[in-house]
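# need a 3D model of the following:
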Amino acid sequence: MSTKWLKTLGAGLALSVATGTAGAETLKVVTDPSFVPFEMMDQKTGEMIGFDMEIIAEVAERAGFDYELQTMDFNGIIPALQTGNVDIAIAGITITEEREQIVDFSDPYYDSGLRILVREGNDKVKTLDDLEGKKIGTKIGSTSYDYLMKTLDKDDGVTPYPGSSDMYMALMSRAIDAVFYDAPNVGYFARTKGEGKVMTVGPLYEGQQYGIALKSGSEWADKVNAALAAMKDDGTYKTIYEKWFGPMPEGN
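Predicted coordinates:
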């Protein structure tokens with residue numbers, strides 16, 4: 001697989017990705033560039049890398065399409081699929097009943113949930129109940145924001161941020177008391193840039209599953225599902241998973 005820069009778009013960055021399939025249709029694929037380790041910019045090469053990026057590259061090759069990769073804020077991804085401006089989205093997108101009414105989803109490809117992140121040494125926060133009335137950072141348009149709105153009686157301290165790095169910086173600078181967001185993302189930050197500064201606490205909230213989103217009525221849904229199933233059967237999925245997250249839990 002080869003990649004090359006095309007141009008910078010108003011909605012974000014566009015990359016042309018060739019799978020090597022002669023005469024293959026080129027689809028527009030969109031992602032959010034700030035959801036590490038699922039998708040993030042490699043500062044050395046200027047290319048998008050991460051778990052999702054390897055998954056979509058493998059799916060495209062097996063399903064038989066080429067793709068142009070674009071980036072945009074997460075909040076704009078579902079609307080872009082609705083309007084047909086893009087064909088496929090992969091960005092750690094939780095499968096929900098509301099979203100299924102307006103876009104198509106592949107079979108789940110990642111089991112996730114929501115988790116609390118606090119500053120290292122904070123022994124006063126164990127559950128969401130301990131955050132009532134406190135300043136909590138989360139991401140605009142995410143299921144974590146929706147969950148807080150439904151769960152907290154006092155939600156006036158909830159601050160939605162456009163990117164995960166923004167809310168992590170706010171936590172470490174003491175602008176907020178905690179972050180509530182997707183478990184793999186907060187866990188990855190705690191193990192890398194936030195090591196020794198922040199820590200995850202409490203249980204996993206609202207078990208979730210991520211899916212590849214396609215515009216409604218997409219002809220590619222069955223081929224995408226077949227590709228994902230084949231990847232799990234032959235061990236390719238496990239190899240990619242363990243590269244980014246460590247040992248894969250039993251039963252996945």
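
# so where do the helices sit in the chain?
51-63, 77-82, 97-100, 143-151, 164-172, 183-191, 221-233, 236-245 (DSSP state H).

# off-centre distance for the fourth one?
Taking the mean of its C-alpha atoms, helix 143-151 sits 17 Å from the chain's own mean (Cα atoms, centre = their mean, to the nearest Å).

# who touches that helix?
When contacts are defined by Cβ atoms under 8 Å, 6 or more residues apart in numbering, helix 143-151 is touched by residues 94, 96, 114, 128, 136, 138-139, 155, 158, 160, 180-182, 205-206, 208. C-beta: built from backbone N, CA, C; applies to glycine.

# what angle do that helix and helix 183-191 make?
110 degrees (axes from the mean of the first three to the mean of the last three Cα atoms, to 10 degrees).

# give me the mean pLDDT for helix 143-151.
Per-residue pLDDT over helix 143-151 has a mean of 92.

# domains in this structure, by residue range?
Annotated domains of the chain cover 2-109+211-245, 112-208 [automatic domain parsing].

# now the end-to-end length of the last one.
Right, domain 112-208. With Cα to Cα, to the nearest Å as the measure, domain 112-208 spans 5 Å from end to end.

# how about stretch 193-203?
Note: stretch 193-203 ends 22 Å apart using Cα to Cα.

# ok, now stretch 134-141?
Stretch 134-141: ends 20 Å apart by Cα to Cα.

# what count of nearby residues applies to Ala183?
Look at Ala183: counted by other Cβ atoms under 10 Å, it has 22 neighbours.

# repeat that for Asp73.
Neighbours of Asp73 (other Cβ under 10 Å): 17.

# now the helices of the chain in TSV, with distance to Ala89?
Output for those, formatted as TSV (distance: least, Cβ to Cβ, whole Å):
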stretch	distance to Ala89
helix 51-63	10
helix 77-82	5
helix 97-100	10
helix 143-151	15
helix 164-172	17
helix 183-191	17
helix 221-233	12
helix 236-245	19
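
# and among these, the most buried is which?
Across the helices of the chain, averaging neighbours per residue (mean count of other Cβ atoms under 10 Å) puts helix 51-63 on top, at a mean of 23.

# and the angle from that helix to helix 183-191?
Using the same axes, to 10 degrees: helix 51-63 against helix 183-191 is 130 degrees.

# which residues of the stretch 151-252 of the chain score low on pLDDT?
249-252 (pLDDT under 70).

# residues in contact with stretch 73-82?
11-12, 30-32, 34-35, 72, 86-87, 89, 91, 93, 99, 102-103, 139-142, 162-163, 213-216.
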